[in-house]
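Asker: need coordinates for the below:
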Amino acid sequence: MTTAAAHTTGSRALAHPDRAEIRLEAVLHALADPMRLAVVCEMASAQGDDSQGFSCSHFDLPVTKSTSTHHFRVLRESGVIEQVYRGTTKLNGLRRADLEALFPGLLDRVLDAAARQAARLGDSEA
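Answerer: You can find the predicted model right below:
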């Protein structure tokens, strides 16, 4: 990332790629991991509730805290999610508008494919 938008609340800033910096290969890489895909599917299914209302601890991932942090960092740095601090909590939301503007229909297709795969395999996590 050469230039990145820093979203801040107080003195804490998190680097996010500007819309123009988001790359298809980075988005696909982020979504290729089953844990990250599960996070994105859960965010998307509750999209209307609160676009940035999900703390990292909201997601019940069967991994260590440091691995969970890594997954959220990959999602943020690829441009799939936005993270902002509210007090000491880091809230997460999908960057649906940015992804749709750059790659029309991609996120919806991936989410649909994940749901179809989950139904086919009898997996309740996707």
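Asker: residues contacting residue 29?
Answerer: Counting by Cβ atoms under 8 Å, 6 or more residues apart in numbering, residue 29 makes contact with 74, 78. Any C-beta I mention is one placed from the backbone N, CA and C, and that applies to glycine too.
Asker: and it, how far from residue 92?
Answerer: 18 Å (Cβ to Cβ, to the nearest Å).
Asker: how about residue 41?
Answerer: Going from residue 41 to residue 92 by Cβ to Cβ gives 13 Å.
Asker: can you pull out the helices in this structure?
Answerer: All helices of the chain, identified by DSSP state H, fall at 24-32, 34-45, 65-78, 96-102, 106-121.
Asker: for the shortest one, packing partners?
Answerer: Secondary structure elements in contact with helix 96-102, counted by 3 or more Cβ pairs under 8 Å, 6 or more residues apart in numbering; DSSP states H and E, are helix 106-121.
Asker: between the helix it packs on and helix 24-32, how many degrees?
Answerer: 30 degrees (axes from the mean of the first three to the mean of the last three Cα atoms, to 10 degrees).
Asker: which other helices and strands contact helix 106-121?
Answerer: Helices and strands touching helix 106-121, by 3+ Cβ pairs under 8 Å, 6+ apart, are helix 24-32, helix 34-45, helix 96-102.
Asker: give me the helix or strand of this protein that scores worst on average pLDDT.
Answerer: Least confident helix or strand, the chain: strand 4-9 with a mean of 47, by mean pLDDT, DSSP states H and E.
Asker: right, and the helices of the chain - which one's nearest residue 15?
Answerer: Comparing these by their distance to residue 15 (Cβ to Cβ), the top pick is helix 65-78, with 7.4 Å.
Asker: kindly export the closest one (C-alpha atoms) in PDB.
Answerer: Provided in PDB are the C-alpha atoms of helix 65-78 (Å, rounded to 0.1, in the frame of the first residue of the first chain):
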ATOM      1  CA  LYS A  65      -6.700 -14.700  19.400                       C
ATOM      2  CA  SER A  66      -3.500 -13.900  17.500                       C
ATOM      3  CA  THR A  67      -4.700 -16.000  14.500                       C
ATOM      4  CA  SER A  68      -8.100 -14.300  14.600                       C
ATOM      5  CA  THR A  69      -6.300 -10.900  14.600                       C
ATOM      6  CA  HIS A  70      -4.300 -12.000  11.600                       C
ATOM      7  CA  HIS A  71      -7.500 -13.000   9.700                       C
ATOM      8  CA  PHE A  72      -9.100  -9.600  10.400                       C
ATOM      9  CA  ARG A  73      -5.900  -7.800   9.300                       C
ATOM     10  CA  VAL A  74      -5.900  -9.700   6.000                       C
ATOM     11  CA  LEU A  75      -9.500  -8.800   5.400                       C
ATOM     12  CA  ARG A  76      -8.900  -5.100   6.200                       C
ATOM     13  CA  GLU A  77      -5.700  -4.800   4.200                       C
ATOM     14  CA  SER A  78      -7.300  -6.400   1.200                       C
END
